[in-house]
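[1] need coordinates for the following:
(chains A and B)
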Amino acid sequence: GENVEQHPSTLSVQEGDSAVIKCTYSDSASNYFPWYKQELGKRPQLIIDIRSNVGEKKDQRIAVTLNKTAKHFSLHITETQPEDSAVYFCAAPQRSNDYKLSFGAGTTVTVRA
Amino acid sequence: ETGVTQSPTHLIKTRGQQVTLRCSSQSGHNTVSWYQQALGQGPQFIFQYYREEENGRGNFPPRFSGLQFPNYSSELNVNALELDDSALYLCASSQTGQGRETQYFGPGTRLLVL
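    Just a heads-up that it's a prediction; the model follows:
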């Protein structure tokens, strides 16, 4: 099955600065990589996802990049705001062409005002 | 919000008891996946149901079982509860096929085993 490693485990940034979270995966055939944001006591919410046929995807202040050769993908949050404070999880399919997900351990992001 | 609902929101059980958790999928979705999220960890895949059959299973013992109904809602059953089963149980709804497999999570059921 897929093994997803996520770094860092915690990240503190000044409001307005950028935050970057990196994940690596083990199955080179994996083709779908979602990112979820989970606020305290709430459900994980999909914030962006990328498929293996593209290298980068943006949605306003959020972007995800994918390096298939190195088997890693990253979440970039620009111009961070206090409401970006949450736990962020990356995920990858457990097998190629499969959408049962293996999640990383999570990154706790704190945006300091 | 996603339209995925779960019940109950919270549950307290004792060791050895059995529990049933319920999930209603988002309209138009035919697949339900169940995850266990222990405190401070990422969700761990339990199993997935598609067309009323189990469609893949994670590393969980047989005392974790499930069902999917014709309306695509689903149940997770856990027998012989253990203290380590205390966790947030999440279901995720998706549509298998047509390239729309994105999973949307419900609010979860928080289970405490004493």
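[2] what residue in chain B comes nearest to chain A?
    Going by C-beta to the nearest C-beta, chain A is nearest to residue B:42 of chain B, at 3.4 Å. Every residue, glycine included, has its C-beta placed from N, CA and C.
[3] how close does the residue nearest to that residue when sequence neighbours are not counted get to residue A:95?
    Excluding the flanking residues, the one nearest residue B:42 by C-beta to C-beta, 6 or more residues apart in numbering or on different chains is residue A:103, at 3.4 Å. Using C-beta to C-beta, to the nearest Å, residue A:103 is found at 15 Å from residue A:95.
[4] contacts for the host helix or strand of residue A:87, please.
    Residue A:87 belongs to strand A:86-93 when assigned by DSSP states H and E. Defining contact as C-beta atoms under 8 Å, 6 or more residues apart in numbering or on different chains, one finds that strand A:86-93 is touched by A:2, A:4, A:6, A:21, A:23, A:25, A:27, A:30-40, A:44, A:47, A:73, A:75, A:99-104, A:106-109, B:42-43.
[5] okay, now the unreliable bits of the chain?
    If you meant another chain, say so; for now it's chain A. Scanning chain A for pLDDT under 70 picks out the ranges A:1, A:96-99.
[6] meant chain B actually
    Applying pLDDT under 70 to chain B flags the ranges B:1-2, B:98-100.
[7] need the residue closest to the centroid of it.
    Geometric centre of chain B, nearest residue: residue B:34, 3.1 Å, by C-alpha atoms, centre = their mean.
[8] my guess is residue B:58 meets residue B:33, correct?
    No - Residue B:58 is beyond contact range of residue B:33, at 9.6 Å (criterion: C-beta atoms under 8 Å).
[9] how many neighbours does residue A:90 have?
    Around residue A:90 there are 29 other residues, counting by other C-beta atoms under 10 Å in any protein chain shown.
[10] who in chain A is up against chain B?
    A:6, A:32, A:34, A:36, A:42-46, A:49, A:89, A:91, A:94, A:98-106 (C-beta under 8 Å from any C-beta of the partner chain).
[11] mind checking how far the strand holding residue A:87 is from the chain centre?
    Centroid separation for strand A:86-93 versus its chain: 5 Å, with C-alpha atoms, centre = their mean, to the nearest Å.
[12] could you see whether chain A lies near stretch B:72-88?
    No - judged by C-beta under 8 Å from any C-beta, stretch B:72-88 stays clear of chain A, getting no closer than 9.2 Å.
[13] for that stretch, buried residues please.
    Using 16 or more other C-beta atoms under 10 Å in any protein chain shown as the test for burial, stretch B:72-88 gives B:72, B:73, B:74, B:75, B:76, B:78, B:81, B:85, B:86, B:87, B:88.
[14] bridging residues for the one residue in chain A that gets nearest to chain B?
    Nearest to chain B in chain A, going by C-beta to the nearest C-beta, is residue A:103, at a distance of 3.4 Å. Under DSSP bridges, the beta-bridge partners of residue A:103 are residue A:91.
[15] tell me how many other residues crowd it.
    Counted with other C-beta under 10 Å, residue A:103 comes out at 23.
[16] in strands, which of the residues of chain A next to chain B appear?
    When DSSP state E is applied, those are split such that A:6, A:32, A:34, A:36, A:45, A:46, A:49, A:89, A:91, A:101, A:102, A:103 fall in strands.
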